[in-house]
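Asks: Got a predicted model here, sequence first, then my questions.
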Amino acid sequence: MARLAAERVKSGVAWSAQESAQSTEVDAEGRRDFHFTVAKFADDPVLLLFAHALRDITEDISRGQRLPAVADADRNIAHADIEKAIAEGKPTKAEELMRGHIEKYTELIATHSPHLLNQVIDWA
């Protein structure tokens, strides 16, 4: 989705820090939901649905779980780098950064809360 967002910028659709900061979507802790904002800007309804589902799932399964404080700082740096690549219209770089960010987050979960990765999701 970061690639699609950057491709939109490359085609002339403006991405601005103001637009991303104005997102009404917030995560469980009241922060702007970066991934949802990127999915929304990518303008792909399937990605938007997927972003909603992932957010709901991760909020449900990780409620009460806390990663080390360093994870918050790393996440903020990763988000800033991804947002910069999108704003500069660099699809390959945006995708590469987003993939690395997701992989690092998955590794943190595997290290600090591995039981979350084995949970079965009840869609009912």
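Replies: In hand now; what should we look at? Numbers count the residues shown, from 1 in each chain.
Asks: contact partners of the longest helix along the chain?
Replies: Counting by DSSP state H, the longest helix found in the chain is helix 91-112. Residues outside helix 91-112 that contact it (CB atoms under 8 Å, 6 or more residues apart in numbering) are 1-7, 10, 38, 65, 67-68, 71, 74-75, 78-79, 81-82, 85-86, 116-117. Quick note: C-beta positions are derived from backbone N, CA and C, even for glycine.
Asks: pull the helix or strand with minimum mean pLDDT from the chain.
Replies: Using mean pLDDT, DSSP states H and E, helix 17-21 stands out as the lowest-scoring helix or strand of the chain, at a mean of 51.
Asks: Tell me which helix or strand comes right after it.
Replies: From helix 17-21 onward toward the C-terminus, using DSSP states H and E, the following helix or strand is helix 34-42.
Asks: Show me what that next one is packed up against.
Replies: Counting contacts by 3 or more CB pairs under 8 Å, 6 or more residues apart in numbering; DSSP states H and E, helix 34-42 is packed against helix 2-10, helix 17-21, helix 45-62, helix 69-87.
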